[in-house]
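A.B. asks: Model the following, please.
(one chain, ligands or ions: 1)
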Amino acid sequence: MTAEEESNSTGQSPEAGSPDVPEPAARQEREAAAEPDPEPRPRDGQAETVGTRSSVGRRALLGWGGAGLALGAVAAGGTATALHNDEADAGSASAGQAVPFHGAHQAGISTAVPDRLHFAAFDVTTEDRDELIQLLKDWTTAAARMTAGHAVGEGAFGPVPESPPDDTGEAAGLKPSRLTLTVGFGSSLFDKDRFGLAEQRPEALVDLPAFPGDKLEKARSGGDLCVQACADDPQVAVHAIRNLARIAFGKAAIRWSQLGFGKTSSTTPDAQTPRNMFGFKDGTRNVSGSDKKALDEHVWVAEKEGPAWLAGGSYLVARRIRMHIETWDRTSLKEQEDIFGRDKREGAPVGKAKEHDEPFLKAMLPTSHVRLAHPDAHNGARILRRGYSFTDGTDGLGRLDAGLFFLAYQRDVRRGFIPIQRSLARHDALNEYIQHVGSALFAIPPGVRDKDDWWGRELFS
Ligand code: HEM
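C.D. replies: Presented below is the predicted three-dimensional model:
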């Protein structure tokens, strides 16, 4: 029985009535290793009033008044996590619940995709390995707090009026908002004579080849480190990146970053499929966050593949893809549908009636996006897409600087993104309307197991 069948065998939708709560298999796996919050203090340093069940955040329960109670409960066997479970099961995006930070895999990959993104790539500016290690430890501590809805360190309002506060403050009073923070390591981090990591460089952390049609900007490509921040509330995502950048001062600096405002794929197939900037449903046939078999086969790096520090991790391809909205909007509906091989209203594959009907590839034009990207055209290879739309104003010529910030996780880019993109770049009819302008590849370490663990510990040990 697959994980998907298993979760459905209860007769319930895996999403427990909400399109947005984390899915059971992924959640259970993460929560099995979940730890209580490091400190019982809400993000804003103020006690919270306990409200309705769906608005009772873990922060509220762990606020000043509830600290003793909650710590006692944890000692008695992880009741805090159980409360969190209830909250997630009953929750919705508006409940703003927390996604567990600790687990076998990092959150932000198979967990449900919230609607907002702030993605940042960093250059490491220190040459000192110990300083880099300290940065990753400090980031981990701050991330565990922020994802649980707490402020960084001593918070935004003290305790020493003469010093800048530990937290910048703009998320004070906001809920955890399903914030996830996912860290990755770029190939440049493994360069010889840099941090002594050359031997640890994974074979699959290749330099992505140049694809036909690429117009990559250096200033929007590469990076030694990356942090993907996803949240329901854009202020929470931006706050997280801002505070991590602040902690990194003198050790790492943001090289480029990207905001995203609407998910274009989901890991929750039973939820309504989101639409991309061309108006098409996007993510219909994605790897589901509850499909353990597919995740093991296509997303998580297996132990035997090596290097050992990456087992349970993944690889992330980020591509900033500009979409020529104005040209697209003058294209007939028929042509738009031919380009994707799906109809625009329902999202059904050519010749079929329903979105989730099995595509018959031969009925599609040989240049259609879906036919070219389908696993049957790539020895069964699948990738987990979780990209976002972006609109960064206009480009000086009155055209929207808009597109898809493509994010795809996979077990090996040499079997996933590279062959798929090679075929798309050569033959996809969509190429007339898009251009890849930014690119990066990162190795994504496994999850932070518990409060003594930190991002990259196995790599640096
Ligand atoms: C702006 C650029 C892109 C747009 C607008 C776009 C849009 C879409 C749409 C509407 C679908 C059909 C619905 C679905 O199954 O999700 C789709 C499917 C897919 N796309 Fe893209 N896509 C873009 C770029 C890419 C890139 C760069 C890749 C990978 C290199 C890719 C890989 C896939 C895959 C694997 C599928 C599923 C095919 C299947 O199994 O049927 N897409 N895309």
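
A.B. asks: going forward, measure contacts and count neighbours with C-alpha atoms only.
C.D. replies: Will do.

A.B. asks: Ile418 touches Ala210, doesn't it?
C.D. replies: No - taking contacts as CA atoms under 8 Å, Ile418 lies outside contact range of Ala210: 10.0 Å.

A.B. asks: Settle it for me: which of these two has more neighbours?
C.D. replies: Ile418 (17 against 12; other CA atoms under 10 Å).

A.B. asks: Can you get me a residue count around the residue of the stretch 151-300 of the chain found nearest the ligand?
C.D. replies: Ranked by CA to the nearest ligand atom, the top residue of the stretch 151-300 of the chain for proximity to the ligand is Gly283, at 3.2 Å. If you count neighbours by other CA under 10 Å, Gly283 ends up with 24.

A.B. asks: For the closest residue to it other than its chain neighbours, give me its contacts.
C.D. replies: Closest residue to Gly283 apart from its sequence neighbours, by CA to CA, 6 or more residues apart in numbering: Ser265 at 4.0 Å. Neighbour list for Ser265: 113, 273-274, 282-284, 286, 385-388 [criterion: CA atoms under 8 Å, 6 or more residues apart in numbering].

A.B. asks: Mind doing that once more with 7 Å?
C.D. replies: Counting by CA atoms under 7 Å, 6 or more residues apart in numbering, Ser265 touches 274, 282-283, 385-387.

A.B. asks: Next up, phi/psi of it, please.
C.D. replies: Here is the backbone geometry of Ser265 (degrees, to the nearest 10): phi -150, psi 160.

A.B. asks: Ala240 versus that one, what's the distance?
C.D. replies: For Ser265, the distance to Ala240 equals 22 Å [CA to CA, to the nearest Å].

A.B. asks: quick one, phi/psi of Trp454?
C.D. replies: Main-chain dihedrals, Trp454, degrees, to the nearest 10: phi -150, psi 160.

A.B. asks: ignore the last one, Leu400
C.D. replies: The phi and psi values for Leu400, taken as degrees, to the nearest 10, are phi -60, psi 130.

A.B. asks: and Ala253, that's in a strand?
C.D. replies: Yes - judged by DSSP: H, G, I helix; E, B strand; the rest coil, Ala253 forms part of a strand.

A.B. asks: That one contacts Thr126, correct?
C.D. replies: No - at 9.7 Å, Ala253 does not count as touching Thr126 under the criterion of CA atoms under 7 Å.

A.B. asks: Comparing those two, which residue is more hemmed in?
C.D. replies: For Ala253 versus Thr126, the count of surrounding residues by other CA under 10 Å is larger for Ala253: 22 against 17.

A.B. asks: got a pLDDT number for that one?
C.D. replies: We have a pLDDT of 98 for Ala253.

A.B. asks: now do the one 3 residues further on
C.D. replies: Turning to Trp256, the model gives it a pLDDT of 98.

A.B. asks: Output the below-cut-off pLDDT ranges for the protein.
C.D. replies: 1-95 (pLDDT under 70).
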